[in-house]
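> test case, fold it:
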Amino acid sequence: MSGSQVVAVVGGGASGTLAAVHLLREARVRAVPLEVVMIDRYGRYGLGQAYSTVDPHHLLNAGADKMSGLEGDAGHLLRWARDAGLAVCGSDYLPRRIYGRYLRALLDGAEEWPVRGVRRVTGTAEALTGDPGLRVHLSGGGYVEAGAVVLALGNRAPAAWPRVVEAGSPRYVADPWAPEALARVGDGAPALVLGTGLTMVDVAVTVTGAHPDAVVYAVSRHALLPRPHPDPVPPPVATPFPDGPLGIATLLRAVRVAVRDNGGDWCGVVDGLRPQTQSLWARLSPDDQRRFLDLAARYWEVHRHRIPPATAARIAALRAAGRLHVLRGQLVRAVTGPGGLRVHLDTGGGAVRELDVGWLVNATGPGADIARDPFLAALLATGTARPDRLGLGLEADPGGVVLDAAGRPDGRIFALGPLLRGSLYESTAIAEIRAQAAALAPRLLDAITLAPRL
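Numbering: from 1, shown residues only. I've put the predicted structure just below:
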């Protein structure tokens, strides 16, 4: 099959899988022969970072009825689960490893459609050239030639702590989602986790589950934990906003009024905001978007990205038993000693607390510096892409077409998922990604069938 009839998807996780599946569904409708080449550095096709976990206590953060991988078919996951012999209700929070099986089943099913297929390439993309045709160059040699490329890199690794952690320390876990990263932390030695968000919750569950004596300390500036989903989840509540440009003060005031008018119940208000989040974000000025990130983003995240009731109960039990301590503060430095690490925490007001731990785990969430990724850095260096104005990802047009250094769309290079967080803000959950994948599919096919050399 010629390169013009190939779409290369860089990234084999949920974003890449949903992009491939929706693209092949569109190709089937149009009767267009097509090959999708998925490039994944770890060979975790369909699983990616989020769904490669094997811990059965790592649950989805949304009910099964909200997690279908197919846009326009809300019951698809439930039907798959029941066909697989699982007794699942729409409000159940499935283990993430089960959802990984589902994504792989979606991908495998896509391969069965006539005159189409998925070719899996395990390797690291290191460069993208486009004259005359697009080529994704792989580390160690070789390349994939394609008529269009989808950048589906998912969340980036946590930001580094170079000033406080000794380089190469065997007691420092820089990325808890790297393959086998947490396997060595389950030795019973106490662990300090940087961050108190969703990743910390998963790390605490795994580390304490691996050894009955393990104790976890979690530290962040605000010491805010993700809120639990109520059971049952209340219906969404609409929040009215004025027309025209929107300021952050007006936005926050409207949300507070909506919560007050809802009897203090914030859950329904937050869920009612979700369909509007991307349009509300676009109405904020760049300065107000930055203010939101600085002042309000953390509070939004703990209310928007909630944890299942069972996970919340497990975390509460760990805290009650003295096996999970949530601390307000910041890491100052960590020094390697014979038995592990001595860490120094700035707890405010000039106070410093010292802890002796066996492990230091970076669970601060996705890093914001896209240039730390060598492939993305190469795109920026060659002018093939440019950062969005907030530095959260790549700049793209409303349809996901990546803009070059001069602000021009190539027409053959697309992005979806977390890479679009700067322009969309909410762009990391399955609901947003599957909608992007469905909207992207026809544009991708047009790119390779109507104007393959734009």
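
> count the residues that sit near residue 257.
Residue 257: 13 surrounding residues under other C-beta atoms under 10 Å. For the C-beta atoms, the positions are set from N, CA and C on the backbone; glycine is no exception.

> what do you get for residue 84?
Neighbourhood size, residue 84 [other C-beta under 10 Å]: 12.

> identify each buried residue in stretch 217-233, please.
Under the neighbour-count criterion of 16 or more other C-beta atoms under 10 Å, stretch 217-233 has 217-220, 224-229, 233 buried.

> where do the helices sit along the stretch 301-450 of the chain?
309-320, 374-381, 421-424, 430-449 (DSSP state H, counting those that start in this stretch).

> out of these, deepest packed?
Highest mean neighbour count of these: helix 421-424, a mean of 23 (counted as mean count of other C-beta atoms under 10 Å).

> for the record, mean pLDDT for that helix?
On average, the pLDDT along helix 421-424 is 94.

> chain center to stretch 318-335: distance?
Offset of stretch 318-335 from its chain centre (C-alpha atoms, centre = their mean, to the nearest Å): 25 Å.

> contacts for stretch 227-236, please.
For stretch 227-236, the external contacting residues (C-beta atoms under 8 Å, 6 or more residues apart in numbering) are 61, 63, 91, 93, 265, 267-268, 271-272, 274, 302-303, 306-309, 311-312.

> which of those count as buried?
61, 63, 93, 267-268, 271-272, 302-303, 306-308, 311-312.

> which of those sits closest to residue 394?
Of all the buried ones among the contacts of stretch 227-236, residue 61 has the smallest distance to residue 394: 25.5 Å, by C-beta to C-beta.

> surely the closest one meets residue 310?
No: the pair residue 61 / residue 310 is not scored as a contact, 11.5 Å apart, by C-beta atoms under 8 Å.

> now for these two: what residues contact both?
Contact criterion C-beta under 8 Å, 6+ apart; residues shared by residue 61 and residue 310: residue 93.

> circling back to that earlier point, in JSON lines: the buried ones among the contacts of stretch 227-236, plus distance to residue 342.
Output for the buried ones among the contacts of stretch 227-236, formatted as JSON lines (distance: C-beta to C-beta, whole Å):
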{"residue": "61", "distance to residue 342": "34"}
{"residue": "63", "distance to residue 342": "43"}
{"residue": "93", "distance to residue 342": "38"}
{"residue": "267", "distance to residue 342": "41"}
{"residue": "268", "distance to residue 342": "46"}
{"residue": "271", "distance to residue 342": "44"}
{"residue": "272", "distance to residue 342": "47"}
{"residue": "302", "distance to residue 342": "30"}
{"residue": "303", "distance to residue 342": "35"}
{"residue": "306", "distance to residue 342": "35"}
{"residue": "307", "distance to residue 342": "31"}
{"residue": "308", "distance to residue 342": "36"}
{"residue": "311", "distance to residue 342": "31"}
{"residue": "312", "distance to residue 342": "32"}
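
> identify the farthest-apart pair in the residues you listed.
272 and 311 (23.5 Å).

> so which of the helices of the stretch 301-450 of the chain comes closest to residue 36?
Per C-beta to C-beta, nearest to residue 36 of the helices of the stretch 301-450 of the chain: helix 430-449, 9.7 Å.

> ok, back up a step: could I get the buried ones among the contacts of stretch 227-236 in CSV, plus columns for distance to residue 87 and pLDDT?
Formatted as CSV, these follow (distance: C-beta to C-beta, whole Å; pLDDT from 0 to 100):
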residue, distance to residue 87, pLDDT
61, 21, 95
63, 15, 96
93, 14, 97
267, 27, 96
268, 28, 96
271, 26, 95
272, 31, 96
302, 31, 95
303, 31, 96
306, 24, 96
307, 22, 97
308, 17, 97
311, 20, 98
312, 23, 98
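
> following element in sequence after the helix or strand hosting residue 38, please.
For residue 38, the host element (DSSP states H and E) is strand 34-40. Downstream of strand 34-40, the next assigned helix or strand under DSSP H and E is helix 76-83.

> then that following helix to PDB, C-alphas only?
Output in PDB follows, covering the C-alpha atoms of helix 76-83 (Å, rounded to 0.1, in the frame of the first residue of the first chain):
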ATOM      1  CA  HIS A  76     -20.800  -0.200  23.500                       C
ATOM      2  CA  LEU A  77     -18.600  -0.800  26.600                       C
ATOM      3  CA  LEU A  78     -21.500  -2.300  28.500                       C
ATOM      4  CA  ARG A  79     -22.300  -4.700  25.700                       C
ATOM      5  CA  TRP A  80     -18.700  -5.800  25.300                       C
ATOM      6  CA  ALA A  81     -18.300  -6.300  29.100                       C
ATOM      7  CA  ARG A  82     -21.500  -8.400  29.300                       C
ATOM      8  CA  ASP A  83     -20.500 -10.400  26.200                       C
END
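
> good, wrapping up.
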